[in-house]
Every structure is written in structure tokens, then in C-alpha cells.
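J.: Dropping the sequence and predicted coords here.
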Amino acid sequence: MSTLSVMAAIWGLFVTAFVILMVYRGHLTQHETDQLFLSESAPISVQEENDEIIRRVNFIQPICKGVGGAAALFTVLVVGVWCARIFSTAHL
């Protein structure tokens, strides 16, 4: 297996994980938006549920940034290795 194919496989894993995390975060924030207009007289259980959603979103946010950054880094690396291979074979 070549270096490029290994890097592309790792890139694929990071991108897949990033997409899954973003879909999950979007699903959570959709529920948060539904309950955004709670009044002060809302039941305690609804407020606790909203707090739990906010806690989950705050927990997953740094993970999303890290995985997204790794996916972007591997995108640059894969494109760089691919370009380097093209240029090295073109000049021979």
C-alpha cells in the first residue's frame, strides 16, 4: 500500500467522523432551538432537559473542532502528497 492510499484512508475516517459529529450536533441544537422560547414558568423537567442539551452541545463542540481540524490537515497533506507525486513524475 502506498503512502498516499494510507493517508487517503485516514482522511476518509476523519471526514466521516466529522460529518457524523456535525449531524449529531445539528440534531441536538435543533432540539435546543425548539425549547429556546421557554418561559420562566416552564416545568422544571423541561428546563433540566434543555440544560442537558446545552451540556451535550458544549461537550461535543471541542471534539468537533478537533476532528474538523484534523480532517482539514489531512486534506492539505493528501493534496500535497498527490501534487508532489504528479510533479516528480512529470519532470522525469
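T.: Yep, that arrived. Residues are numbered from 1 along each chain as shown.
J.: from here on, contacts and neighbour counts on C-alpha atoms
T.: Fine.
J.: Tell me how far V57 lies from A8.
T.: The gap separating V57 from A8 is 29 Å, by CA to CA, to the nearest Å.
J.: Off-centre distance for stretch 3-17?
T.: 14 Å (CA atoms, centre = their mean, to the nearest Å).
J.: Can you give me the buried ones in it?
T.: Neighbour-count burial for stretch 3-17, counted by 16 or more other CA atoms under 10 Å, picks out L4, M7, A8, I10, W11, F14, V15, A17.
J.: And G26, how far from I86?
T.: 39 Å.
J.: Spatially central residue for the protein, please.
T.: Nearest to the centroid of the C-alpha atoms of the chain, with distances taken as CA atoms, centre = their mean, sits F18, at 2.8 Å.
J.: quick one: average pLDDT of the longest helix seen in the chain?
T.: In the chain, with assignment by DSSP state H, the single longest helix is helix 44-90. The average of the pLDDT scores along helix 44-90 is 90.
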